[in-house]
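**Student:** Any chance you could fold what I've pasted below:
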Amino acid sequence: MALVDIQVPDIGDFDEVTVIELLVKPGDNVKAEQSLITVESDKASMEIPSSQAGVVKEVRVQLGDKVKQGSVVLVLEGEGAATTAAPAAAPVAEQNKAPAPAAPAPAATDSVASAAAPVATAGPVEVRVPDIGDFKDVAVIEVLVKVGDTVKAEQSLVTVESDKASMEIPSSVSGVIRELKVKLGDKINIGDLLAILEGAAAPAAASAPALAAAPAAAASAPAASQTSAPAPAAVAPAHEPSAPTGNLPHASPSVRKFARELGVPLADVKGSGPKGRITLDDVQGFTKAVMAGEARTQAQVAKAPASTGGGAGLDLLPWPKVDFTKFGPVERKDMSRIKKISAANLHRNWVMIPHVCNHDDADITELEAFRVLMNLEYEKAAKAGNNAGVVKITMLAFLIKASVAALKKFPEFNASLDGDQLVLKQYYNVAFAADTPNGLVVPVIKDADKKGVVQISQEMGELAKKARDGKLSPADMQGACFTISSLGGIGGRYFTPIINAPEVAILGVCKSSTEPVWDGQAFQPRLMLPLSLSWDHRVIDGASAARFNAYLGQILGDFRRVLL
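**Tutor:** Numbering: from 1, shown residues only. Here you go, the predicted structure:
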């Protein structure tokens, strides 16, 4: 293997350009045409590719360095006969010097020549795409002006982007824009009509963005550069990257492409590179922050309710940053994936839904006695071999069935808000919170109105096992109309469960306890179940919530009401 110097190929009429990004490091394997560095001039940024494949042995440039045609970018341990590419770079440079003075010559197409020709002072003038080198079908990624704007000669009109470079196309004349002939996403080529100007003054001598040939083409085929389009004679006025024209983010073409693939709006990403340039790491970091609920895009902010000066939009004080180690030893532990996802959802639901919570008690003395009796009978049947297995009926199964009856009687609880409309559902899917080692998950019993308590108990057992094993599918946790969060035998009295959007209510239940209850003549020991019903005040009012809780308590007190 021979060591090969990889040099900057013909990059047009640029004298020196600044290295703004290093895309490889020593030890990396690179392919032919793989980008090595990103450079930037006043008007364009471009990526310099490798002329051959190999292993990077040494990087010869640093961020901020100035490079030009023939500058050594890195040393590569090359593969095969392609090692002859490096010595050829010098002749290429010499060959390219000769045609440079001929830039304004009649080699350009008639349409380009007409764009540079003298024009009348007041008549309409067509502004066309000048010679942009060896690019074809470049995409318009930003339109920098609008109809009615007054522009000067050499003022940028649009920004275009190829696979390897982005550049601004300037106006060849000054005047007022009467018509724009391109829009975002259009593909344009040399000679295409960009705009029609009125009141135009004499044009500048040249208006190309000075990117004569695709760096990849120049690097991989040096001989072809002899016949490529000549470089333009002048470069448009300097453009300060830290204050880009319009809203174009300051990022290289590869970073922009990466962001598009992820669906990341670059305007929302803060750059950490030179002059605020957005790097690959910035895009990845922003994506992780959005997924973790630590950041929001401008689109998400726009959809959120407007802040009126005191809430979560919300003009709150910043979260306190404390060095906890000052006060004693600490241990840091990453939150589980489930907790990260649920935390973001719970935060949104608590902030955006106006919660109200009603507390009540249900007398489940007879229901619990019935449940215990049924479980004993199933155990006896299992021992006698009269059924396939033991079915354990839980109080939560009765609660699900009772909730369905209450949802039918009070349909606004079985609804969701969709803008200004209330979606009243004709099905009854009830979710229940299941505790797992990694956090709470919420599987759903589908069509609970069509199932008996025994079948619901069986499905709950199966879903709870899948939850503990981490095998719940997205389908197992979708489509709920109403949720029950049960603390079961753990303890507690009442709490305020957070509504699971887009539902409008959630029922919380705690540990039942035996209490003395006055029956009109004496205190009797009764098993009481605490109920906590949280509801969305945009959909439900206090009277409806009180009736729902009271009706639910009646069903639990006498389960025969389910049949009515």
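
**Student:** From here on, just use CA atoms for contacts and neighbour counts.
**Tutor:** Fine.

**Student:** quick one, strands of the stretch 51-200 of the chain?
**Tutor:** Using DSSP state E, counting those that start in this stretch, the strands assigned to the stretch 51-200 of the chain run over residues 54-59, 66-67, 72-78, 125-128, 138-143, 150-151, 156-161, 165-170, 175-180, 187-188, 193-198.

**Student:** what about the helices in the stretch 201-350 of the chain?
**Tutor:** Using DSSP state H, counting those that start in this stretch, the helices found in the stretch 201-350 of the chain span residues 215-220, 253-262, 280-291, 298-303, 337-352.

**Student:** Just name the most buried of those helices.
**Tutor:** Comparing the helices of the stretch 201-350 of the chain by mean neighbour count (mean count of other Cα atoms under 10 Å), helix 215-220 comes out on top with a mean of 24.

**Student:** coming back round to it: need the strands of the stretch 51-200 of the chain in a markdown table (columns: mean pLDDT).
**Tutor:** Converted to a markdown table, these look like this (pLDDT from 0 to 100):
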| stretch | mean pLDDT |
| --- | --- |
| strand 54-59 | 92 |
| strand 66-67 | 90 |
| strand 72-78 | 88 |
| strand 125-128 | 90 |
| strand 138-143 | 85 |
| strand 150-151 | 90 |
| strand 156-161 | 84 |
| strand 165-170 | 79 |
| strand 175-180 | 92 |
| strand 187-188 | 90 |
| strand 193-198 | 91 |
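
**Student:** Nearest to residue 266, out of the ones you listed?
**Tutor:** strand 138-143 (12.4 Å; Cα to Cα).

**Student:** Does anything pack onto the closest one? Which helices or strands?
**Tutor:** Here strand 138-143 touches strand 156-161, strand 187-188, going by 3 or more Cα pairs under 8 Å, 6 or more residues apart in numbering; DSSP states H and E.

**Student:** how about the first one as CSV, C-alpha atoms only?
**Tutor:** Taking only C-alpha atoms (Å, rounded to 0.1, in the frame of the first residue of the first chain), the coordinates of strand 156-161 have been written out as CSV:
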residue,chain,number,x,y,z
SER,A,156,-28.8,37.1,-3.8
LEU,A,157,-32.2,36.0,-5.0
VAL,A,158,-32.4,32.2,-4.2
THR,A,159,-30.2,29.6,-2.5
VAL,A,160,-29.7,26.3,-4.3
GLU,A,161,-28.3,23.0,-3.2
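
**Student:** Distance from the lengthiest helix in the chain to the middle of the chain?
**Tutor:** Identified as the longest helix of the chain according to DSSP state H is helix 365-383. On the basis of Cα atoms, centre = their mean, to the nearest Å, helix 365-383 sits 51 Å off its chain's mean C-alpha point.

**Student:** Give me the neighbour count for the nearest residue to residue 486 once chain neighbours are set aside.
**Tutor:** Of all residues beyond its chain neighbours, the one nearest residue 486 is residue 509 (4.8 Å), with distances taken as Cα to Cα, 6 or more residues apart in numbering. By other Cα atoms under 10 Å, 27 other residues sit near residue 509.

**Student:** I'd like the numbering to begin with 316 instead of 1 from here.
**Tutor:** OK, 316 is where the count begins now, so the last one is residue 824.

**Student:** Verify the stated contact: residue 824 with residue 864.
**Tutor:** No. Residue 824 is beyond contact range of residue 864, at 11.9 Å (criterion: Cα atoms under 8 Å).

**Student:** Check this protein for its longest strand and report it.
**Tutor:** The longest strand of the chain (DSSP state E) is strand 838-851.

**Student:** for that one, packing partners?
**Tutor:** On a contact count with 3+ Cα pairs under 8 Å, 6+ apart, strand 838-851 meets strand 670-678, helix 680-698, strand 820-824, strand 828-833, helix 857-872.
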